[in-house]
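> Sharing a model prediction with you, sequence too.
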Amino acid sequence: MGGSLTVGLVTVAAIMAVVVWFDRRCLAGLAQTSDRNLRHFDRNTWALIIVLSFPIGPMLYLRYAKGPGRYS
């Protein structure tokens, strides 16, 4: 029984590490994006969306704040 608890804790730790990594990458991208390249909301609002609504927030940021035309 102790083995399954260990596996569960390791799994939770791995998932949390991915969550923190993804949020951090999105926040770093937000910090490097100029204000004129952000769409729909300002920098502070996007930061709150990224942090408070995982996993949807980072995906919304990548899709709508920078958008599909960010490479053109």
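Yes, it's here.
> For the host helix or strand of residue 21, the averaged confidence score.
Per DSSP states H and E, residue 21 falls inside helix 2-32. Confidence for helix 2-32, expressed as mean pLDDT, is 90.
> between the helix or strand that that helix is followed by and helix 2-32, how many degrees?
Scanning forward in sequence from helix 2-32 by DSSP H and E, the next helix or strand is helix 43-52. Relative orientation of helix 43-52 and helix 2-32, computed by axes from the mean of the first three to the mean of the last three Cα atoms, to 10 degrees: 170 degrees.
> which strands and helices sit next to helix 43-52?
In terms of contacts (3 or more Cβ pairs under 8 Å, 6 or more residues apart in numbering; DSSP states H and E), helix 43-52 is packed against helix 2-32, helix 56-60. C-betas here are computed from N, CA, C, even on glycine.
> in the shortest one, what's buried?
Buried positions in helix 56-60, judged by neighbour count with 16 or more other Cβ atoms under 10 Å: 57, 58, 60.
> now the residues you listed as TSV including pLDDT?
Listed next are the buried residues of helix 56-60 as TSV, based on pLDDT from 0 to 100:
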residue	pLDDT
57	89
58	89
60	90
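> which among the residues you listed gets closest to residue 18?
Nearest to residue 18 among those is residue 58, at 11.2 Å by Cβ to Cβ.
> residues near residue 30, how many?
For residue 30, the count of nearby residues is 19 (other Cβ atoms under 10 Å).
> now it, nearest residue through space, not along the chain?
residue 46 (5.6 Å; Cβ to Cβ, 6 or more residues apart in numbering).
> Pull up the per-residue confidence for that neighbour.
94.
> pretty sure it contacts residue 58?
No - checked against Cβ atoms under 8 Å, the pair residue 46 and residue 58 is beyond contact range at 10.0 Å.
> For residue 44, give its distance to residue 14.
Residue 44 is 31 Å from residue 14, where distance means Cβ to Cβ, to the nearest Å.
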